[in-house]
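Trainee: Give me a 3D structure for the following:
(one chain, ligands or ions: 1)
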Amino acid sequence: MNHTDFYKLNQRIKKQEYDELFLAVQAHGGCYQWAGGDDDEKPLIAVNPNSISPDPIDVFINKVEIVNGFLEIYGRDKNNDDEVDFGPEDVFTEGLGYIIDCISETDKVSDVTISMYDYKEVLADICYELGVSQVTINNNSRALIAKTIEWADEFDRLHKNTDWHEVDYLNAIHEFTRKKIAHYKGHIYHTCSCCGHGVFQYEKVDDEKNEITLTCDNCEVEIIGHEADSIYHKAEKILNPS
Ligand SMILES: [Zn+2]
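Mentor: Okay, the predicted model is just below:
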């Protein structure tokens, strides 16, 4: 049976935990230690080193440090006090979040929550553009929804390191979506043999035939089949119709 891609969802949560822990450690100058001998104060988390251990190990964390831009976590086995060699990726979901619980606030930073708002905004913006252009994908709503999410993920990846103080978000999302939509629907320059108007709308079905329908913007005459195909491939696309 089909189900949610829980692996992917889990990876997303773990990435967010990592990013927020990174911010928490950064707030303390790049290193945080639970130096005292008292284990009660140290975060105790379950770790599966290299994801190959038969059983998870309970580890008392004593230090988290940013080394060359990456988080290094140090801790000792709860049972035998041996140092355990592991990376953040070996920590079970919610483990890194628990470490953040055990890091004190600073004068300047009391919250390292990374808002999911941006991703939602991206999704909403793509939906909006799709609605405005009334694009359909093979007349299948699920295909359209899947594409929407695929595009939002792609935009998210593309702009992982974008500083939105430098780049105009509205322009970026608009251009990105417009280019995506142009694969399915848009306008080209072509003179109508019925009314003489110079702009046609094209719509493309995304299957093995890649069938194209051209409609005159003025008299709505339709061109289909080979003729539409050849006109479409020769014509100039209008990326930003006014
Ligand atoms: Zn016409």
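Trainee: how far away is Lys8 from Asp90?
Mentor: Lys8 sits 19 Å away from Asp90, taking C-beta to C-beta, to the nearest Å as the criterion. (C-beta placed from N, C-alpha, C; glycine too.)
Trainee: With neighbour numbers in mind, choose between the two.
Mentor: More crowded of Lys8 and Asp90, by other C-beta atoms under 10 Å: Asp90, with 21 against 10.
Trainee: distance of Trp34 from the ion?
Mentor: Relative to the ion, Trp34 is positioned 75 Å away (C-beta to the ion, to the nearest Å).
Trainee: Show the pLDDT at that residue.
Mentor: If you check Trp34, the pLDDT there is 92.
Trainee: Quick check: phi and psi on it?
Mentor: With angles defined as degrees, to the nearest 10, Trp34 sits at phi -110, psi 80.
Trainee: how much space between it and Thr148?
Mentor: From Trp34 to Thr148 the distance is 45 Å (C-beta to C-beta).
Trainee: same thing with Tyr74?
Mentor: From Tyr74 to Thr148 the distance is 43 Å (C-beta to C-beta).
Trainee: More neighbours: these two, which one.
Mentor: The neighbour comparison of Tyr74 against Thr148 (other C-beta under 10 Å) goes to Thr148, with 20 against 15.
Trainee: what about the more buried one, helix or strand, and which?
Mentor: Using DSSP states H and E, Thr148 sits within helix 141-158.
Trainee: Report the buried residues of that helix.
Mentor: Leu144, Lys147, Thr148, Trp151, Ala152, Phe155 (16 or more other C-beta atoms under 10 Å).
Trainee: what helices or strands is that helix leaning on?
Mentor: Secondary-structure packing of helix 141-158 (3 or more C-beta pairs under 8 Å, 6 or more residues apart in numbering; DSSP states H and E): helix 117-133, helix 169-182.
Trainee: got the angle between that helix and helix 117-133?
Mentor: 130 degrees (axes from the mean of the first three to the mean of the last three C-alpha atoms, to 10 degrees).
Trainee: Would you pull up how far helix 141-158 lies from the middle of the chain?
Mentor: Relative to its parent chain, helix 141-158 has a centroid offset of 9 Å by C-alpha atoms, centre = their mean, to the nearest Å.
Trainee: again, but for stretch 211-218
Mentor: 34 Å.
Trainee: same check, this time on stretch 206-225
Mentor: Counting by C-alpha atoms, centre = their mean, stretch 206-225 comes out at 33 Å from the chain centroid.
Trainee: does that stretch come close to the ion?
Mentor: Yes: if you take C-beta under 5 Å from the ion as the test, stretch 206-225 does meet the ion, through Cys216, Asn218, Cys219, Val221.
Trainee: His174: how many residues sit nearby?
Mentor: Neighbour count of His174, defined by other C-beta under 10 Å: 15.
Trainee: Return the residues of the protein in contact with the ion.
Mentor: Cys192, Cys194, Cys195, His197, Cys216, Asn218, Cys219, Val221.
Trainee: could you dump the residues you listed to CSV with neighbour count?
Mentor: Below are these laid out as CSV (neighbours: other C-beta atoms under 10 Å):
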residue, neighbour count
Cys192, 19
Cys194, 10
Cys195, 13
His197, 15
Cys216, 21
Asn218, 14
Cys219, 11
Val221, 14
